[in-house]
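Trainee: Here's my sequence, what's the structure:
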Amino acid sequence: MNLVDIYTKPIINSSEKNIRNSFKENDKREYSDPLRKWPLKGLAYSNELGAVVSGISPKLGTALWVPALMYFGADIYDKYKNDETQYAPSKRRGLKEAIFQAMASVVLPTAAVKTG
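Mentor: All right, here's what the predicted structure looks like:
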């Protein structure tokens with residue numbers, strides 16, 4: 001080994017390797033859906049507000065469905081196109097999300113508000 005090799009060869013000790021490995025392990029984080037976090041998630045509930053105020057102001061009640069329907073469409077499209085962190089379109093995943101959104105965000109909450 002000559003003098004040039006000593007100065008140009010990177011010297012990595014075991015502690016630096018451990019630090020690099022710990023960074024690689026931390027990169028494997030759990031997927032967190034941005035559409036399921038607040039404040040975007042709040043748009044999904046604007047239709048419940050619409051159901052509540054529709055008796056007082058029918059136009060406002062109808063208008064409050066717009067952000068909710070836009071959110072539902074965006075979430076269904078996102079689940080159709082992406083499998084968490086990968087681009088992999090799937091009609092089955094999109095249909096599953098559409099059924100979930102219809103039941104959990106439209107049918108059941110609106111029925112609870114109307115019957116209550």
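
Trainee: Please make it C-alpha for all contacts and neighbour counts, starting now.
Mentor: Noted.

Trainee: Regarding residue 87, what are the backbone dihedral angles?
Mentor: phi -80, psi 110 (degrees, to the nearest 10).

Trainee: actually residue 53, not the one I typed
Mentor: Dihedral angles (degrees, to the nearest 10) for residue 53: phi -90, psi 0.

Trainee: quick one: contacts for it?
Mentor: 60, 61 (CA atoms under 8 Å, 6 or more residues apart in numbering).

Trainee: What pLDDT is listed against it?
Mentor: pLDDT for residue 53: 89.

Trainee: what's the burial count for the nearest residue to residue 90 once chain neighbours are set aside?
Mentor: Spatial nearest neighbour of residue 90, chain neighbours left out: residue 80 (5.3 Å); criterion: CA to CA, 6 or more residues apart in numbering. Neighbour count for residue 80, taken as other CA atoms under 10 Å: 21.

Trainee: and if you look at the one 3 residues further on?
Mentor: Counted with other CA under 10 Å, residues neighbouring residue 83 total 13.

Trainee: where does the spatially closest residue to it that is not a sequence neighbour fall, helix, sheet strand or coil?
Mentor: Ranked by CA to CA, 6+ apart and with sequence neighbours excluded, the top spatial neighbour of residue 83 is residue 89, at 7.6 Å. Following DSSP: H, G, I helix; E, B strand; the rest coil, residue 89 is assigned to coil.

Trainee: center of this protein - which residue?
Mentor: residue 33 (2.3 Å; CA atoms, centre = their mean).

Trainee: Need phi/psi at it.
Mentor: phi -70, psi 120.

Trainee: residue contacts, it?
Mentor: Contact analysis of residue 33 by CA under 8 Å, 6+ apart lists residue 84.

Trainee: wait, doesn't residue 98 sit right on residue 78?
Mentor: No - the criterion here is CA atoms under 8 Å, and residue 98 misses it with residue 78 at 11.0 Å.

Trainee: one step back: for the residue nearest to residue 83, grab the count of nearby residues.
Mentor: For residue 89, using other CA under 10 Å, the count is 15.

Trainee: Distance of it relative to residue 69?
Mentor: Noted for residue 89: a distance of 21 Å to residue 69, by CA to CA, to the nearest Å.
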